[in-house]
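>>> Let me see the structure of the following:
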Amino acid sequence: MKKLFTLTALFLFAASAIFAQGNAKKGNYTGKGGTAHEVVKGNNITISYGRPMKKGREIFGGLVPYGQVWRAGADEATEITFDKGCVVDGHQVSAGTYTLFTIPGEKEWTIILNKELGQWGAYGYDKVKDKNVMQEQVPISTNNKMVEQFTITIKENNIVMEWDKTKVEIPIKF
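So this is what the prediction gives:
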């Protein structure tokens, strides 16, 4: 009987470890994945990203340091897909999927679109920064409301990122 109990416990432990690893590779083990999708002037835009929570922490300048590359979310790096070419903050961008990185600052953020897909966080950014297709600074604004969970939306002609009391709008044109 003791042997059966031990084998059952070992099996359950192994199964849970395998399940956890599979979900971690997908970047959704926190259950906080997000997708923003909108059709703007006939162009499908889809953004896949992790949605971390504030949980009482200091976000920008704390958890997310100023002046360092950030994946614009949690877990896997944020990816954005345009099904047609467009202009992102004054830069012509071809149809395709790109990794969206940012470099947060106190008054403005640097927005980066990069051709290297499938990245985990921004840890490998230095190896792929030569694949940037766009890098531009945009101003930040302060929200009147506190946003607990990092959120990306597509509104009119802007990609909007909000977290804590920070709001960043990236202009897009078609």
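
>>> Poorly predicted segments of the protein, please.
Residue ranges of the chain with pLDDT under 70: 1-32.

>>> just checking, what's the longest strand in the chain?
In the chain, ranked by residue count with DSSP state E as the criterion, the top strand is strand 132-155.

>>> Going by neighbour count, which residues of that strand are buried?
Within strand 132-155, the residues that count as buried by 16 or more other Cβ atoms under 10 Å are 132, 134, 136, 138, 140, 147, 150-152, 154. Just so you know, the C-beta spots here come from the backbone N, C-alpha and C atoms, and that holds for glycine as well.

>>> Report the beta-bridge partners for the residue positioned nearest the centre of the chain.
Nearest to the mean C-alpha position of the chain, by Cα atoms, centre = their mean, lies residue 78 at 3.1 Å. Applying DSSP bridges to residue 78 gives these bridge partners: residue 100.

>>> Does residue 107 touch residue 141 like I think?
No - Residue 107 is beyond contact range of residue 141, at 10.0 Å (criterion: Cβ atoms under 8 Å).

>>> Overlap of the contact sets of these two?
Counting by Cβ atoms under 8 Å, 6 or more residues apart in numbering, residue 107 and residue 141 have no contacts in common.

>>> Wait, residue 163 touches residue 150, no?
Yes - the pair residue 163 and residue 150 qualifies as a contact (Cβ under 8 Å) at a distance of 4.2 Å.

>>> residues bridging contact with the two, i.e. touching both?
In contact with both residue 163 and residue 150: residue 52, using Cβ under 8 Å, 6+ apart.

>>> Near residue 75, how many other residues are there?
Residue 75 has 20 neighbours, counted by other Cβ atoms under 10 Å.

>>> scratch that, residue 102 is what I was asking about
Neighbours around residue 102, by other Cβ under 10 Å: 22.

>>> so what secondary structure elements neighbour the helix or strand hosting it?
Residue 102 is part of strand 96-103, with elements assigned from DSSP states H and E. When contacts are defined as 3 or more Cβ pairs under 8 Å, 6 or more residues apart in numbering; DSSP states H and E, strand 96-103 packs onto strand 78-82, strand 108-114.
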